[in-house]
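**Student:** Let me see the structure of the following:
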Amino acid sequence: MWRGKIQYWGVFLGFLFQSFSFSSDVSFYRIIEGANPGPAQQVVDEFLHGSKVLYTEDVKNGPIKVDGIVWHPSLKYMDLFQGTRNPVTENLGYFKELEDNKWEESKLLMKYAPEYYPRTENLGEVLRSLEGPPPTLAQWALLLKIRYPNGFFLKPVQGFNSVGTFPDEKMDFAGVYERYLKNVLPRMNEFFRETQSTDSLHLQFKETPDYEGRVLEEVLKNPESVIVQEKMKPRYGSTIQTSKGPKKLIEEYRIHIVEGKVLQGASVNRWEDALSFSQEHLEKAELTAQKVVDLLPIKYRKLSFGMDIFVTENGEYKVIELNTGGESGYLNPETSLWITQLLASHYLGRPTPLLTEIQSLRDQTELSEIGKILGALFSHPEIKSLGTIETNPEPFTEILELAKNRILKIYTDKPSLQNAKWVLALFARYKLRPYLTSQEVTLTSQFLGCNLLFM
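**Tutor:** Okay, the predicted model is just below:
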């Protein structure tokens with residue numbers, strides 16, 4: 001899914017490397033699930049990650065120890081690989097407490113940063129406060145509507161993410177659960193027998209109608225494993241043009257915190273295909289995330305998070321989830337080539353070769369040079385392995401947004417018929433139209449004398 005961010009390069013470049021304390025010959029390792037594919041593919045993997053790589057199926061007896069920094073996506077990789085530094089797992093006790101546990105996260109945030117977190121309860125505790133037999137699903141729905149008049153979400157304490165899986169006040173609990181038992185659960189059981197993978201199970205069924213019944217099943221069987229969270233009205237940011245007309249975009253951001261500090265340049269819009277937001281709003285989201293970390297007890301302040309920040313309609317910035325650890329999908333090249341390279345550069349103490357190549361876009365003053373750089377960039381066999389801009393644009397979102405911004409800046413500085421032709425050619429070649437906000441569509445239509453919307 002595409003998403004947006006602002007590349008405020010002057011600020012970013014000032015912060016990216018000034019705080020590095022590692023020597024230039026430090027080794028940084030990323031972990032890849034699966035067997036070692038051989039030397040040729042390993043070169044590709046290392047190029048895309050900007051680091052050395054370790055393959056899980058190389059581990060036969062006990063952990064493999066390496067001289068360097070190892071980034072562990074989650075706790076399950078601790079017993080496989082150990083580096084001389086292991087930043088995600090160094091504060092192990094506190095990491096274990098919060099990893100994959102939304103209720104522990106909620107209690108921590110409600111205690112130390114209550115103004116930045118929505119009201120949240122554990123259904124087990126709600127149940128214990130009630131008299132009589134446990135509620136039916138219909139009774140739960142009524143009870144929660146009364147308890148949360150502005151709306152609510154039901155979330156599992158552990159496990160799968162939010163895409164298409166959260167029951168809310170608009171849902172017919174009993175009806176969804178009945179259809180889940182009849183139409184979804186048998187298929188899930190068959191799939192699990194074949195794969196033995198709960199992660200694959202969620203990915204396979206998360207968009208299936210009535211999959212929300214999986215959460216409702218836990219409400220009946222184990223209410224302790226479900227939390228209820230107050231629904232907040234969103235603020236809408238940019239409006240983009242789609243084939244179905246204008247679309248307003250909810251402001252929700254993923255802010256990457258590395259060892260207690262915001263990773264500069266690595267913040268993205270969370271869900272929507274928004275490809276540009278105001279720098280002011282993005283910076284406020286990052287400031288909120290940093291403030292929340294700084295409010296936590298000191299023992300939690302060296303942890304890493306993929307924190308989700310939601311902006312309410314009255315302009316309040318709220319934490320939705322901490323997402324403790326190093327497992328944010330944006331830290332992988334299949335989702336964000338740019339952010340993956342930023343993480344590597346942070347620990348290496350220098351830009352990766354690919355990041356240096358991308359950064360050269362910002363220094364160009366001629367559109368022909370932008371074309372040469374983009375042509376060379378997307379000619380890399382390693383980058384081609386991720387797919388094309390047409391078939392799989394997600395890994396390249398931040399790179400293409402940077403290119404779009406630079407292209408428009410060069411043209412506004414030096415408008416001419418020749419440059420107008422270059423803008424149109426570059427936008428067509430690299431499919432940059434979706435990266436325009438409504439305001440940019442209007443502006444480009446005016447100063448180019450054509451409508452990029454219909455390119």
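**Student:** for the stretch 1-150 of the chain, which spans come out with low pLDDT?
**Tutor:** The stretch 1-150 of the chain contains residues with pLDDT under 70 at 1-24.
**Student:** what do you get if the cut-off is 90, keeping everything else the same?
**Tutor:** 1-25, 60-62, 74-76, 79, 91, 99-100 (pLDDT under 90).
**Student:** so how far is Ala285 from the most far-flung residue of the chain relative to its centre?
**Tutor:** Computed with CA atoms, centre = their mean, the maximum C-alpha offset from the centroid of the chain is found at Gly132, amounting to 42.5 Å. Gly132 sits 44 Å away from Ala285 when distances are taken as CB to CB, to the nearest Å. Yep, even glycine has a C-beta here, placed from its N, CA and C like the rest.
**Student:** how near is Ser225 to Gly213?
**Tutor:** To Gly213, Ser225 is 15 Å away according to CB to CB.
**Student:** Who has more neighbours out of these two?
**Tutor:** Taking neighbours as other CB atoms under 10 Å, Ser225 and Gly213 compare with Gly213 leading, 27 against 18.
**Student:** Would you mind giving the secondary structure of His256?
**Tutor:** Classification of His256 by DSSP: H, G, I helix; E, B strand; the rest coil places it in strand.
**Student:** Show me how far stretch 46-62 is from its chain's centre.
**Tutor:** Its chain's C-alpha centre and that of stretch 46-62 lie 22 Å apart, by CA atoms, centre = their mean, to the nearest Å.
**Student:** So which bits of that stretch are buried?
**Tutor:** By neighbour count on 16 or more other CB atoms under 10 Å, the buried set for stretch 46-62 is Glu46, Phe47, Leu48, His49, Gly50, Ser51, Lys52, Val53, Leu54, Tyr55, Thr56.
**Student:** Report the contact partners of the third one.
**Tutor:** It stands for Leu48. Applying CB atoms under 8 Å, 6 or more residues apart in numbering to Leu48 gives the contacts Pro333, Leu337, Thr340, Leu354, Glu382, Ile383, Ser385, Leu386.
**Student:** try it again with 10 Å
**Tutor:** The contact partners of Leu48, taken as CB atoms under 10 Å, 6 or more residues apart in numbering, are 30, 332-334, 337, 340-341, 354, 380, 382-383, 385-386, 395.
**Student:** Assign it to one of the three secondary structure states.
**Tutor:** Secondary structure assignment for Leu48 (three-state DSSP): helix.
**Student:** Could I get the full set of strands for the stretch 301-450 of the chain?
**Tutor:** Remark: strands assigned in the stretch 301-450 of the chain by DSSP state E, counting those that start in this stretch are 305-311, 317-321.
**Student:** Which of those has the highest mean neighbour count?
**Tutor:** Of all the strands of the stretch 301-450 of the chain, strand 305-311 carries the top mean neighbour count, a mean of 23, counting by mean count of other CB atoms under 10 Å.
**Student:** Please compute how far it lies from its chain's middle.
**Tutor:** 9 Å.
**Student:** the inter-axis angle of that strand versus strand 317-321?
**Tutor:** 140 degrees (axes from the mean of the first three to the mean of the last three CA atoms, to 10 degrees).
**Student:** Averaged pLDDT, whichever strand or helix holds Ala285. What do you get?
**Tutor:** Assigned by DSSP states H and E, Ala285 belongs to helix 279-295. The pLDDT scores in helix 279-295 average 93.
**Student:** Identify each buried residue in it, please.
**Tutor:** Residues of helix 279-295 classed as buried: His281, Leu282, Lys284, Ala285, Glu286, Thr288, Ala289, Gln290, Val292, Val293, Leu295 (neighbour count, 16+ other CB under 10 Å).
**Student:** quick one: which of the residues you listed is nearest Asn91?
**Tutor:** Using CB to CB, Val293 comes nearest to Asn91 of the buried residues of helix 279-295, at 12.8 Å.
**Student:** returning to that earlier point: report the inter-axis angle for the helix holding Ala285 versus strand 317-321.
**Tutor:** Here the directions of helix 279-295 and strand 317-321 differ by 60 degrees (the same axes, to 10 degrees).
**Student:** what helices or strands is helix 279-295 leaning on?
**Tutor:** Other helices and strands packing on helix 279-295, by 3 or more CB pairs under 10 Å, 6 or more residues apart in numbering; DSSP states H and E, are helix 102-112, strand 236-242, strand 252-258, strand 261-262, strand 268-269, strand 305-311, strand 317-321.
**Student:** which residues touch the helix or strand following the longest one?
**Tutor:** Going back to what we said before, that points to helix 102-112. Remark: after helix 102-112, the chain's next helix or strand is strand 120-122, criterion DSSP H and E. Contact partners of strand 120-122, identified using CB under 10 Å, 6+ apart, comprise 102-103, 105-107, 109-110, 128-129, 144, 147-148, 152-153, 155, 157, 223-230.
**Student:** where does the stretch 201-350 of the chain have low pLDDT?
**Tutor:** The stretch 201-350 of the chain contains residues with pLDDT under 90 at 201-207, 236-251, 268-282.
**Student:** of the contacts of strand 120-122, buried ones?
**Tutor:** Buried among these (16+ other CB under 10 Å): 102-103, 105-106, 109, 144, 148, 152-153, 155, 157, 223, 225-230.
**Student:** mind giving me the domain split of the protein?
**Tutor:** 9-91, 119-230, 234-335, 364-454 (automatic domain parsing).
**Student:** can I get those domains in TSV with distance to Leu98?
**Tutor:** Shown next, in TSV, are those (distance: least, CB to CB, whole Å):
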stretch	distance to Leu98
domain 9-91	10
domain 119-230	11
domain 234-335	4
domain 364-454	28
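**Student:** Nearest to Ile358, out of those domains?
**Tutor:** Taking the domains of the chain one by one with CB to CB, domain 364-454 is closest: 5.7 Å.
**Student:** what mean pLDDT does that closest one have?
**Tutor:** Computed over domain 364-454, the mean pLDDT rounds to 87.
**Student:** quick one: contacts for the residue nearest to Lys231 when sequence neighbours are not counted?
**Tutor:** Using CB to CB, 6 or more residues apart in numbering and skipping residues adjacent in sequence, the residue nearest Lys231 is Gly151, 3.4 Å away. By CB under 10 Å, 6+ apart, the contact list for Gly151 reads Leu144, Lys145, Asp168, Glu169, Lys170, Gln229, Glu230, Lys231, Met232, Lys233.
**Student:** most tightly surrounded among the domains of the chain?
**Tutor:** Note that of those, domain 234-335 is the most buried (mean count of other CB under 10 Å), with a mean of 19.
**Student:** residue ranges for the helices of the stretch 351-455 of the chain, please.
**Tutor:** Per DSSP state H, counting those that start in this stretch, the stretch 351-455 of the chain carries helices over the ranges 353-359, 367-377, 381-384, 397-413, 417-429, 438-448.
**Student:** what's the shortest one in contact with?
**Tutor:** Pointing back at helix 381-384 there. Applying CB under 10 Å, 6+ apart, the external contacts of helix 381-384 come out as 40-41, 43-48, 333, 337, 354, 377-378, 395-396, 399.
**Student:** Could you single out the nearest of these to Gly83?
**Tutor:** Comparing the contacts of helix 381-384 against Gly83 with CB to CB picks out Glu46 as the nearest, at 16.0 Å.
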